[in-house]
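Chemist: With the sequence up front, the predicted model follows.
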Amino acid sequence: MLCLGIETSCDDTGVALVDGRRLLANRAASQADLHAVFGGVVPEIASREHYRLLAPLYQACLADAGVSPSDVDVVSVARGPGLLGSLLTGVSFAKGLALGTGARLVGVDHLYAHVLAAALETEIPYPAVAVLISGGHTNLYIMRSELELELVGRTLDDAAGEAFDKAAKALNLPYPGGAVMDRLAAYGQVDTAMFPRPYLDNQNLDFSFSGLKTAFALHIAAREGLATERLVEATELQSEEGARRVLGESFQEIADICASYGWSIADTLRIKTSRALERMGERPQAIILAGGVASNTTVRRLLKEEANARGLAFIAPSPMLCTDNAAMVAYAGSRLAEAGLCHDLTLEAVPRGRKVPRDYVACA
Ligand code: KG4
Ligand code: ZN
């Protein structure tokens, strides 16, 4: 089943083609540089960019895979949650394609697509605990099959990615800050006492990163002159030499802060994941990571250690499939269509904060 995926929920425009687990084409255009000057995503700019980029990316995908529009069986689109204007560009484009080519239409929950991303590369043993850590979400799921996802924990305030991005901003490091802090952490030493592991003193599976954010702000406020006076650009931090030059005398201290802050987030994720595993009732088989923060070195290391200690499979997508991408949307859509779950042209986009409904119709 040839399935086209479209991703426009935030600031990455993506189009991909899959056939079962075979990824035939995967085109993406990041808008990160455009938004970096504003320190965050500007929704209006994001929508216009998606609108401009979708058609050329679609054509490039068809050419990469050597197929024509009428070969596509299913058009799958991330319908939310996300920025509404951005989602509408993708959903409208998908509807136009489905209408014009006769392909089936499937609206995919962006979060479900993230969680399934690793399945494109590996056979996942179930049941499993999936940890979805992105810029907008920090969710724990129990997964009993590719189609059965139960949300058992979530963040009550900031998402893990947001916690990274806000800390990076306070240090005048470029947006999005997670990957930058990860890179700088490699030059630093972890001090486990520097920052708290937030919201563990309870029995639940939820997260709250606001306490950590405050602890970070207080730590930085007490260290005058630590952050550079101007916003550092991502290109300046690409090598250790470059980072040393631009961060000057603060280099080592910032690296240690990045290492310690990343450890606090990663160990918090590990502890709540281990609680979810213990509460499952049946014997878990795997820990699955998903979302942009799943490419974080320390998060991967600590969760892999947890999986190894419990004799479970550790499944994390390659970095390209962690951040927003259309391959995961194409794969999730093909699984839904195979299960007979599709949409008609009344498919609606769902903004952030609203639950994505299971309003499928039987595939024609
Ligand atoms: O899943 P994603 O691409 O988009 C959303 O749906 O939010 O995740 C983006 C988030 C950003 O907050 C970014 O800073 C974070 O993922 N991120 C990282 C790393 N790479 C991306 N955070 C920590 N370490 C990384 N290596
Ligand atoms: Zn995402």
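Modeler: Right, received. Where do you want to start? Ligands and ions are numbered 1, 2, ... in the order given.
Chemist: Distance check, the residue positioned nearest the centre of the chain against ligand 1.
Modeler: The residue at the geometric middle of the chain, judged as the C-alpha nearest the mean C-alpha position with CA atoms, centre = their mean, is Gly291 (2.5 Å). According to CB to the nearest ligand atom, to the nearest Å, Gly291 and ligand 1 sit 4 Å apart. (Each C-beta comes from the backbone N, C-alpha and C, glycine too.)
Chemist: ditto for Arg279
Modeler: If you measure Arg279 against ligand 1 using CB to the nearest ligand atom, the figure is 26 Å.
Chemist: do the same with Ala163
Modeler: Taking CB to the nearest ligand atom, one finds Ala163 at 8 Å from ligand 1.
Chemist: shouldn't that residue be in contact with Leu212?
Modeler: Yes. Proximity of Ala163 to Leu212 meets the contact threshold set by CB atoms under 8 Å, at 6.2 Å.
Chemist: who touches the residue nearest to the centre of the chain in this structure?
Modeler: Contacts were defined as CB atoms under 8 Å, 6 or more residues apart in numbering; by that measure Gly291 touches 114, 132-134, 137, 161, 322-323.
Chemist: Kindly state the pLDDT recorded for the residue lying closest to it once chain neighbours are set aside?
Modeler: Once flanking residues are discounted, Gly291 sits nearest to Ser134: 3.4 Å by CB to CB, 6 or more residues apart in numbering. In this prediction, Ser134 carries a pLDDT score of 92.
Chemist: Let the chain start at 24 from now.
Modeler: New numbering, starting at 24: the last item is Ser157.
Chemist: List the contacts of Ser157.
Modeler: By CB under 8 Å, 6+ apart, the contact set of Ser157 is 137, 182-184, 313-316, 347.
Chemist: Show me which of Ala186 and Leu235 is the more surrounded one.
Modeler: Ala186 (31 against 24; other CB atoms under 10 Å).
Chemist: in stretch 301-315, what counts as buried?
Modeler: By neighbour count, and taking 16 or more other CB atoms under 10 Å as the criterion, the buried residues in stretch 301-315 are 307-315.
Chemist: Tabulate these (a markdown table), appending distance to Phe61 and secondary structure.
Modeler: Converted to a markdown table, those look like this (distance: CB to CB, whole Å; DSSP: H, G, I helix; E, B strand; the rest coil):
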| residue | distance to Phe61 | secondary structure |
| --- | --- | --- |
| Pro307 | 42 | coil |
| Gln308 | 43 | coil |
| Ala309 | 39 | strand |
| Ile310 | 36 | strand |
| Ile311 | 33 | strand |
| Leu312 | 29 | strand |
| Ala313 | 27 | strand |
| Gly314 | 23 | coil |
| Gly315 | 19 | helix |
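Chemist: Now do the domain split for this protein, please.
Modeler: Each structural domain of the chain that the record assigns through the TED database is listed here as a residue range: 25-140+344-385, 146-339.
Chemist: Buried deepest among those, which one?
Modeler: Among the domains of the chain, domain 25-140+344-385 has the highest mean neighbour count (mean count of other CB atoms under 10 Å), at a mean of 21.
Chemist: how about the helices in the chain?
Modeler: Secondary structure of the chain (DSSP state H): helices at 55-59, 66-88, 107-124, 133-139, 183-193, 200-208, 233-244, 263-270, 274-301, 320-332, 342-345, 349-361.
Chemist: show me the contacts for the nearest residue to Arg324 once chain neighbours are set aside.
Modeler: Excluding the flanking residues, the one nearest Arg324 by CB to CB, 6+ apart is Ala289, at 7.6 Å. Residues in contact with Ala289, defined by CB under 8 Å, 6+ apart, are 319, 321-322, 324-326.
Chemist: For the worst-scoring helix or strand of the chain on mean pLDDT, report the contacting residues that lie outside it.
Modeler: Of all the helices and strands that make up the chain, helix 55-59 has the lowest average by mean pLDDT, DSSP states H and E, namely a mean of 83. Residues outside helix 55-59 that contact it (CB under 8 Å, 6+ apart): 34, 64-65, 68-69, 72, 197-199, 256-257.
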